[in-house]
Every structure is written in C-alpha cells, then in structure tokens.
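>>> pasting the sequence and the predicted model now:
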Amino acid sequence: MNSTDRLIEVMPIAGIETPLAYAVPSGVRGCMEIGALVRIPLQNRTCLGVVVREGSDQKVPAGKLKYVIDGLFNEPVLTPELITLSKWMRRYYAASVESVFETMIPSAVRQEMSPKMHRLLSVRQVLNDEELQALDKRAPKQAEVYRFVQQQPLPVARGLIMGRLKVSAASIDSLTKKNILTERAEREERVVYSDVLSNAEKVSEVAVELTEEQAAAEEDIAASIAAGEFRVHLLHGVTGSGKTEVYLHAMRRVLDSGGSIVYLVPEVALTPQTVSRLRGRFEQAGDKIVVWHSHLSNGERLDAWMTLARGEARVVVGARSAIFAPIQNLRLVVVDEEHEPAYKQAETPRYHGRDVAVYRAMLSKAVCVLGSATPSLESLYNIQTKNYRVNRLTKRIDDRQLPIVHLVDMRRERLNPDGSANISAMLAEKLQDRQDKAEQSILFLNRRGYSSSMNCPDCGFVAMCEHCDVMLTYHRPEQQLKCHICGFHQPAPSGCPQCKSSKVRWRGYGTQRIEEVIGKIVPGAKIVRLDTDTMSKKNLFRKILGDFRTGKIDILIGTQMIAKGLDFPNVTLVGLVDADVSLHIPDFRAAERTFQLLVQVSGRAGRGDKAGEVVVQTLMPHSPPIQYARQADFDGFLDAELEQRREFNYPPYRHLVRHLFRGRNPEKVQFYAEQWAKKLEKELTEPIEIRGPVAAPLEKMKDQYRFHLWYFVGNVSRTLPYITAIRDAFKLDDDVIDVLDVDPVDMV
Ligand SMILES: Nc1ncnc2c1ncn2[C@@H]1O[C@H](COP(=O)(O)OP(=O)(O)OP(=O)(O)O)[C@@H](O)[C@H]1O
Ligand SMILES: [Zn+2]
Ligand SMILES: [Zn+2]
C-alpha cells in the first residue's frame, strides 16, 4: 500500500455478511464515497460491493490487503441514509446483505459490471439526403436507427436503441456491417440520457385552487416540511376528496425549496391517471420526473437511476422499489393508497414499502405523507400511539355526495325464480336504467375466469391442480382449465375425465361469466372486462380506460385490482357482485379487507355532477364490515376491529412473523417444523407467543407441502435476532426450506 492510498470498507454483494477493508489506489477511476458501487477481488474471483465506510479500523495483515479494482460510476448508487436503511432491513426482515442490496440496487445498474452492457453505437459514415432516402425505401427500420443515433450528442447504448425503437439486433448489425454505424464495447460512465418520459402520455394540467379542507391539510403538511423534522402525516380523505391535489401542492413547495420527493403508488401500470397528472403538472414547469416502472428497458432503468443519483431529476414516482432511489436532500415521501397489500414484497427481502418509506423519511428527517380513503389499521393505530398526525378530508370535491349504498341479501334473491343467478333484480334493473340514461356503470368481482370450479354431478369429480391444493378455474375464451396459483393449465374437457359422464357442471361465477350474463340482461350495452387476463396484453389497460372515459364503453367489469384511483365522472352505478369473497379468506385481516374493498369500490361512483349509487350483493348482509362500510362509519369499524385484534394479540398490538417450512415430502416438512418448534421453545429467552406448527391453509403449492409457525412479537428489531441466531444453528434437511416473513400480508 502506498502512502497516498486510502482505506475503505466494502460490503460485498456475494453472500458475506460483514464488510471488508480494501485499499483504494490513488488515481483509481470512479467514485469511492459511501454508497459507491465498486468491483473488488474476493478470494479468487471478482464481485461487486457497496462502499459502506470511508476509512477502516480493521487490522488486515500487511500483504493481505487487497485493492479495489474500480468504481462503476462517478456517483454513489446509494445515499448514506440508504446504507443505514439497508442495515435496518437486514435486521428487521431477517434478510441477507446480498438480497437487500440486490433489491435496493436495480439489476440494470449492477449489470454495468458486464462489459457487454455498453455496446455503444455512433455514426461512422454520414449519409447524404439521397442515401438516406434510399435507405428509407429499402430498410426503413435501419433508417430509423440511423436517424436516432445521428441525433444523439453522444454514443448510444445498443440495448437502449433496441428497446426504444423496437428494432431487431439484425437491423443494427447490418448498419455496422455497412460501416454506417460503428460499435465499440466500453464501460462508459456517462450514458446518453434517454428521456424516459418522451413517449408517454402527458396531460396538460393546471393547479386548481384547494378547498378549505384541502388547504388546511396542505398547510399542516407544509409546516412539517418547513420544520425540517421527521413527521408522518396520515391523509385520511374520503374517496373523491382530492387527496392527490394535496400531495401535488406539497410537492410544489418542496421542489421550490430545492428538496426531492419519492412518490409511491401500489402499482404504476394501474395508476396511469395519477402518473399523467404528475407529469402534466410538473414537467410543464420544467421539473424532470422519473417514472420507475416495470416496462423500462435495462438501458432506461440505468439511465433513470443515474439521473436521480446525479440530481438531474428530483422526483421519482414508482411502486415500492422506488423508495430506494438514490436521491439526495429527500424532503417528502408520499405513499398513496397506503393500505394496499401490494406494498409488501413477496420475495426476500420481504419488506413492506410503506414501512420502509416511513423509516427512510425518518433517516432523512423528511416528511412522510400516507394517504388513503381506507387507511390500514396499523396506520390508524399509530395516530394514537406514535404521534402520526392525521389530516382529514371529510367531503368530496364540490360537495358531491357519497353514493347511496344498497345491500342486497342474495339468500332471498335465490328464492326468486325470476332472478338471474348472481345478478339481483335490483342490480339488473339499475344497470338497464343507466343504459337508458347513457350513464356508465362498473361491476366488481374479485374472481377472474369463467367459473371457480368444474365438477361432475355423477361421480363427484372436481378438477384440481396437479401441483397445488386448489380447484382449477375454467377460462372460457381459451377453453382452458387454469390454476391461479401456479399457472398450470390444461384444455377444458367436454365430459367428466373420471366417469365419462357428459353432465359437467361449472360452479361459481368469475368475471368472464358475469360478462356473459350482463350481455343478456342489458342487451345493446357495450361491455368490456378488465382483469389480469386482459392486462397481460400491453397497453390494453390504458386503451380500455381511455375508451371508458370517452364513453365508448357502457359497462366495465373488473376485479378489484382495477379499482384504484379510477376517476370517471359519468359513472353513477357501481355493483359489487359478491362482497363475500374477501370475507372468507383465512386471514385475520378479512374484515379489514372487506371494509376497504366496499368503501373503495363504492368510491368510484358519483364522482361527477350526478349522484351515485352502489349495489352490494352479499349472503352475509349483517356482517360488521359490510354494515360499517355501508354507513361509511370508519370510527365504528375501527373501534370494533381494534377490540378484536387486541383480544387475539393480532397487529397492530403485536407484530406477526410467519415462519414457513416447505418441501416435497410432507412428513419431512412437518418433522422439521416440529423439531424447530421444540428447539425454539427450549432456547429462546425472549417472552414471545408461538403458535403452531400447523399445515398452512394452502397446504400444497407448486408441488411443495407447507407448514408454518406464527410468532407474536412486540419489538421485531429486538426479538428477531434472537430467533435468527437459533435458526443459524438449526440444521435443515436439504430438501426442506424455511422462510421468515415479518409483518406478512400473505396468510395462506
Ligand atoms: N380543489 C379542487 N378543485 C376542483 N377539483 C378538484 C380539486 N381537488 C381535486 N379535484 C378533482 O377532484 C377529483 C378527485 O380528486 P382525487 O382523484 O385527487 O381524489 P382522491 O381523494 O385521490 O380520490 P380516491 O381516493 O377516490 O382515488 C379529480 O378529478 C381532481 O382533479
Ligand atoms: Zn364423473
Ligand atoms: Zn397450481
């Protein structure tokens, strides 16, 4: 080591849990600050790592100290507070360094490691007009590529061109073969900035004047921002009360004072309206927004990330992973629809985007605004215990009325011989009425496909998934039986596969079947179905929403996933076809989910000048969540539900940790789960309540048998390390896997 060399500590992204000291030779390229992504030698290979400390007190014997190879970028890819956040995530979610960094740093950024990543193209031979015209005729795609490259001030990554222009590698290759373009493989730090927004929808937007309630909420939030302290606000506003407008005003203030913003939505693809409003509002004013979503190509992801790291954009909008954006001077974090389970990541590290957002805001002394019409019980409880501030919007914009909710008791409906199965007389009549008045309706049913099962009345056969413990769903358009858990599918048989009877029955109603029924009930209506089956076709979702807005569609039928943030003024009727689906899930949050679902879907009605109506069909009209939701009685629901939760020690009174064991052999899985429980009870000194092991509600999934235990924990950060320490010394059989899920939303 030379006297001019520096020491740093690097956390390898390579299955090692402690940082290692490295020397930085003077004159090495790239950044060596905290949060920098560096390439390091480790044993006899190289890997990536993150600089977690400048300097080191580690005593490395002379001759053993290794040099960093280089840094990948000029800017750190994580900020210092994100490094702190990573430590908290490891501890709180019992996750490895590797999994946390791989989650925090997008793979497009880490892939910079491979030199192939940057095959940069530039123009070698400038074409004159005539040559370009000839190329246009002969090979229009090539001409398009040529023009694109020629217009760029710097060489462009090949992957970016392919993604952006949707051209094949062959088109690019023929241009390089002809020596029109030249390609060089290089690890270029400065990638051409691609405007990730250019081909996206922008709605021209002007700031509206806030209502009194909105202004009061916004001023309170602004005061927190001005105070420069960490504070959490819960913006609890009824549906259609203008919560988004409050965020937008607060964001304007933050931008004007030089701060940065993270804005989280449950899923970008499902919130095109919010995204285009943000873009319209801020981009017109010249503030660049990075929209972080799954359709970005790798090149675009890399660009977007580095744009944020360099401070060229100060707003990022995205799903949960956008909370790890490397922006500095973070002043405001918005978590829209904070109650959404989609904020929880289903894979390791199983973090909750909302909770990580609050923690990051705390580390940055920023303000966190959680918004919802139906806040989670956790957040409502935190108002009482953790000094979250609450700002309420009790009225809809322009004093529009909340819709009238009709409950239909489907037990009676079944006695009515005229009632078409599963659509009540009342719903049918109101749908027709809206059709006559040229108003629009939305129907929700949280079950896609045609029917929920196929069975045989003669021998009792039920079509089950070969790999999971669930019945197969019939999908009529494709004539397939599908498993909604693992994706397994097979052609739908025309008779019983077991006894060859031809009397096959389709039980239960899915969105496809409702679409069919409604077509008969409201002849002449233009009906469109929107669920994950239609979503798989790219851009179809946007197109359907566009057609619905312009009135080309009369009735929209969808699963609840489409309910988020829809704002269509001409919708005056909303039907919830089966309110009981969510009541029957084996989950302590079943009542909460049902309440939220009812309030949210109802909230889609009556957002324009005309009043709205909601028809809720249920077999359990007296169940508390349905009754409270009908009266929009939040406090009543909260009190009743909190009492239940307290009695059983469920969240928010305790944290739940789910410990799942799975493997192909059910006896083995059960054996290890039981052995573990014995060991834990013997060795754990912390007083926690342990329940289980028992078979999981979904006992077999993707050919794996599943058993789980539940830990009821007061303080996760304190207790979990004790559990993981015992777990580290517990030897599992090779074909049994165990998974810890802290604050799980998946109970099955
Ligand atoms: N102060 C205002 N003046 C006029 N219109 C407004 C105002 N604030 C919001 N709006 C409009 O009212 C409608 C509802 O607002 P927004 O979508 O923000 O409500 P929300 O509370 O987020 O609703 P939800 O929770 O149901 O999604 C939007 O069309 C919005 O443009
Ligand atoms: Zn049969
Ligand atoms: Zn399956």
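Right, received. Where do you want to start? Ligands and ions are numbered 1, 2, ... in the order given.
>>> going forward, measure contacts between C-alpha atoms and count neighbours the same way
OK.
>>> so for the longest strand belonging to the chain, what's the average pLDDT?
Across the chain, the longest stretch assigned as strand under DSSP state E is strand 689-701. On average, the pLDDT along strand 689-701 is 94.
>>> in the stretch 151-300 of the chain, what residue is nearest ligand 2?
Relative to ligand 2, the nearest point of the stretch 151-300 of the chain is L270 (41.4 Å; C-alpha to the ion).
>>> K395 against K243, yeah?
No: K395 is not in contact with K243 according to C-alpha atoms under 8 Å; the separation is 11.0 Å.
>>> shared neighbours of the two, anything?
Common contact partners of K395 and K243 (C-alpha atoms under 8 Å, 6 or more residues apart in numbering): G237.
>>> quick one: C496 from ligand 1, how far?
From C496 across to ligand 1, the span is 46 Å (C-alpha to the nearest ligand atom, to the nearest Å).
>>> likewise for S441?
For S441, the distance to ligand 1 (C-alpha to the nearest ligand atom) stands at 16 Å.
>>> that residue looks like it's in a strand, true?
Yes: applying DSSP: H, G, I helix; E, B strand; the rest coil, one finds S441 inside a strand.
>>> packing partners of the helix of greatest length in the chain?
Ordering each helix of the chain by length in residues (DSSP state H) puts helix 666-683 first. With contacts defined as 3 or more C-alpha pairs under 8 Å, 6 or more residues apart in numbering; DSSP states H and E, the packing partners of helix 666-683 are strand 655-663, strand 689-701, strand 704-713, helix 716-728, strand 736-742.
>>> now the shortest one: buried residues?
For strand 736-742, the neighbour count (16 or more other C-alpha atoms under 10 Å) marks V736, I737, D738, L740, D741, V742 as buried.
>>> that strand pairs with which strands?
Note on strand 736-742: by DSSP bridges, its sheet partners are strand 655-663 (antiparallel).
>>> put the alpha carbons of the partner strand into CSV.
Provided in CSV are the C-alpha atoms of strand 655-663 (Å, rounded to 0.1, in the frame of the first residue of the first chain):
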residue,chain,number,x,y,z
HIS,A,655,-46.2,-7.9,15.1
LEU,A,656,-46.7,-11.2,13.4
VAL,A,657,-43.8,-13.2,12.0
ARG,A,658,-44.7,-16.1,9.8
HIS,A,659,-42.2,-19.0,9.7
LEU,A,660,-42.9,-21.2,6.8
PHE,A,661,-41.4,-24.6,6.1
ARG,A,662,-41.8,-26.2,2.8
GLY,A,663,-40.6,-29.2,0.7
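>>> just to revisit the earlier point, any idea which of the buried residues of strand 736-742 is the one closest to L248?
V742 (32.6 Å; C-alpha to C-alpha).
>>> and for P687, the neighbour number?
When neighbours are defined as other C-alpha atoms under 10 Å, P687 has 11 of them.
>>> quick one: secondary structure of it?
coil.
>>> ok, it to P652 distance?
18 Å (C-alpha to C-alpha, to the nearest Å).
>>> what's the answer for G71, then?
Computed as C-alpha to C-alpha, the G71 to P652 distance reads 44 Å.
>>> comparing these two, which shows the higher neighbour count?
Set side by side, G71 and P652 show more neighbours around G71, with 26 against 19, by other C-alpha under 10 Å.
>>> I'd say that one and I34 touch.
No: counting by C-alpha under 8 Å, G71 sits too far from I34 to count as a contact (11.6 Å).
>>> ligand 2 contacts on the protein?
The chain has residues C456, C459, C496, C499 near ligand 2, with proximity defined as C-alpha under 5 Å from the ion.
>>> okay, now stretch 539-556: how far is its last residue from its first?
Start and end residues of stretch 539-556 are separated by 17 Å (C-alpha to C-alpha).
>>> so which bits of it are buried?
By neighbour count on 16+ other C-alpha under 10 Å, the buried set for stretch 539-556 is F541, R542, I544, L545, F548, R549, I553, D554, I555, L556.
>>> now, which of these sits nearest E213?
E213 lies nearest to R549 out of the buried residues of stretch 539-556, by C-alpha to C-alpha, at 27.9 Å.
>>> what residue in the stretch 251-400 of the chain comes nearest to ligand 3?
Nearest residue of the stretch 251-400 of the chain to ligand 3, counting by C-alpha to the ion: A346, 17.4 Å away.
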